[in-house]
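S.K.: When you get a sec, could you give me coordinates for this:
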Amino acid sequence: MSQLAAGTKRRLQTQSKRRSDLLLRSFIILALLAGSVLIIVPFVVMLSISLDQDAVFEFPFPFRLIPEHISLDNFRMAIANTNMMRLYVNTLMVAVGVIAISTFSALLAGYALSKLKVTGGNIILLLVLATLMIPGEATLIPLFMLFKQLHMINTYWAFYLPAISSVFGTFLAKQFMDSIPGELREAAIIDGANEFNCFTRIYFALSMPIVATLVILSFLGVWNSFLFPLIMLNDPAKYTIQLGIALLKSRTSSGEAPPGMNMAATVMSIIPVLLVYLFFQKYIIQSVAHTGIKQ
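M.R.: Predicted structure coming up:
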């Protein structure tokens, strides 16, 4: 009887635990769905207004999720009032340079802090991370004055040079490098390789997941940047896409940018971001998994 009672008790406990787990999973799924809706709805509204022919002059009221008259007129107006291809090219020129410089420098610094056993490396890393507490806006005036003295205002070098110091990227690269066995470096050095060869032929080749993460983060930062290009650029022919959209109002004949045209220009501006994210998202998952591995 005692064994039967103990077995019944265990079954009841198992059933209770399963119900608790089911309730917890259901709550998590509902919370994630609610969060997804909050994130997706603004994009759906933006796309809806950009395709609404009635939004040429004012916001449609009452708002309709599916436009009554679907048209591409807003996109034609946005392209007619902005040199969208020029904005794309300018922003890609900035993004490619910043991504290449910041990613390579972050990986080099992460490799040095992780594998070279630099004296005081942890203190150096803490000091570097402490600079994240300084607001970026606080450095705008000093950077402007510096680049003005160097005659780099209205050039893309004003974007490339600050990219050499990628603090957050260095931290991510260091954490990822910690998950790669140091024995690979030791074996390569025994075979006659130098440190740069160890980095480029072994650790850089194994760091594609974190490289993809750094590429996406850098690309998003450059593509969505507005204040820094506004300070450093004064030639409309070199404007990035966010500056071009911000000045869309002044380029229309009436001096007022219709909401539909604004939304259409915004939709066109986020297409490259979505493409980059969709292409690299699997590598981000890999980088998160690798940085979670314990030595």
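S.K.: What helix or strand is the residue nearest to the spatial centre of the chain located in?
M.R.: Geometric centre of the chain, nearest residue: L217, 3.0 Å, by Cα atoms, centre = their mean. If you go by DSSP states H and E, L217 is part of helix 208-223.
S.K.: can you pull the buried residues of that helix?
M.R.: 209-219, 221-223 (16 or more other Cβ atoms under 10 Å). Just so you know, the C-beta spots here come from the backbone N, C-alpha and C atoms, and that holds for glycine as well.
S.K.: do stretch 17-35 as well
M.R.: Under 16+ other Cβ under 10 Å, stretch 17-35 has no buried positions.
S.K.: cool, stretch 135-143 as well?
M.R.: Result for stretch 135-143 [16+ other Cβ under 10 Å]: buried residues L143.
S.K.: Kindly format the C-alpha coordinates of that stretch as PDB.
M.R.: Included here for stretch 135-143 are C-alpha records, laid out as PDB according to Å, rounded to 0.1, in the frame of the first residue of the first chain:
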ATOM      1  CA  PRO A 135      27.300  59.700 -24.800                       C
ATOM      2  CA  GLY A 136      28.100  59.900 -28.500                       C
ATOM      3  CA  GLU A 137      26.700  63.400 -28.700                       C
ATOM      4  CA  ALA A 138      29.300  64.600 -26.300                       C
ATOM      5  CA  THR A 139      32.100  63.800 -28.800                       C
ATOM      6  CA  LEU A 140      30.500  65.500 -31.800                       C
ATOM      7  CA  ILE A 141      31.900  68.900 -31.300                       C
ATOM      8  CA  PRO A 142      35.500  67.700 -30.500                       C
ATOM      9  CA  LEU A 143      35.400  65.400 -33.600                       C
END
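S.K.: show me what contacts the residue nearest to the centre of the chain?
M.R.: Counting by Cβ atoms under 8 Å, 6 or more residues apart in numbering, L217 touches F168, G169.
S.K.: give the contact list for P135.
M.R.: So P135 contacts nothing (Cβ under 8 Å, 6+ apart).
S.K.: which of the buried residues of helix 208-223 lies closest to Y156?
M.R.: V222 (10.7 Å; Cβ to Cβ).
S.K.: if you skip the residues just before and after it, what's nearest to the closest one?
M.R.: Nearest non-adjacent residue to V222, counting by Cβ to Cβ, 6 or more residues apart in numbering: A95, 4.3 Å away.
S.K.: how close does the one you found sit to I210?
M.R.: 18 Å (Cβ to Cβ, to the nearest Å).
S.K.: and if you look at Y156?
M.R.: 26 Å.
S.K.: Correct me if wrong, but L65 is in a helix.
M.R.: No: under DSSP: H, G, I helix; E, B strand; the rest coil, L65 sits outside any helix and is assigned coil.
S.K.: any idea whether the residue nearest to it when sequence neighbours are not counted is helix, strand or coil?
M.R.: In space, and not counting its chain neighbours, L65 is closest to S48: 5.8 Å by Cβ to Cβ, 6+ apart. Secondary structure state of S48, per three-state DSSP, is helix.
S.K.: can you pull the pLDDT of S48?
M.R.: S48 is assigned a pLDDT of 83 by the prediction.
S.K.: and it, how many neighbours does it have?
M.R.: 18 (other Cβ atoms under 10 Å).
S.K.: So it versus G136, what's the distance?
M.R.: On the measure of Cβ to Cβ, S48 and G136 end up 34 Å apart.
S.K.: my read: the residue nearest to V222 touches N224, true?
M.R.: No: assessed by Cβ atoms under 8 Å, A95 is found out of contact with N224, at 10.6 Å.
S.K.: Mind checking which of these two has more residues around it?
M.R.: Taking neighbours as other Cβ under 10 Å, A95 and N224 compare with A95 leading, 22 against 14.
S.K.: how about that one, what does it touch?
M.R.: Taking Cβ under 8 Å, 6+ apart, one finds S218, F219, V222, W223 in contact with A95.
S.K.: Can you pick out the most distant pair from those?
M.R.: Most distant of the contacts of A95, by Cβ to Cβ, are S218 and W223, 9.4 Å apart.
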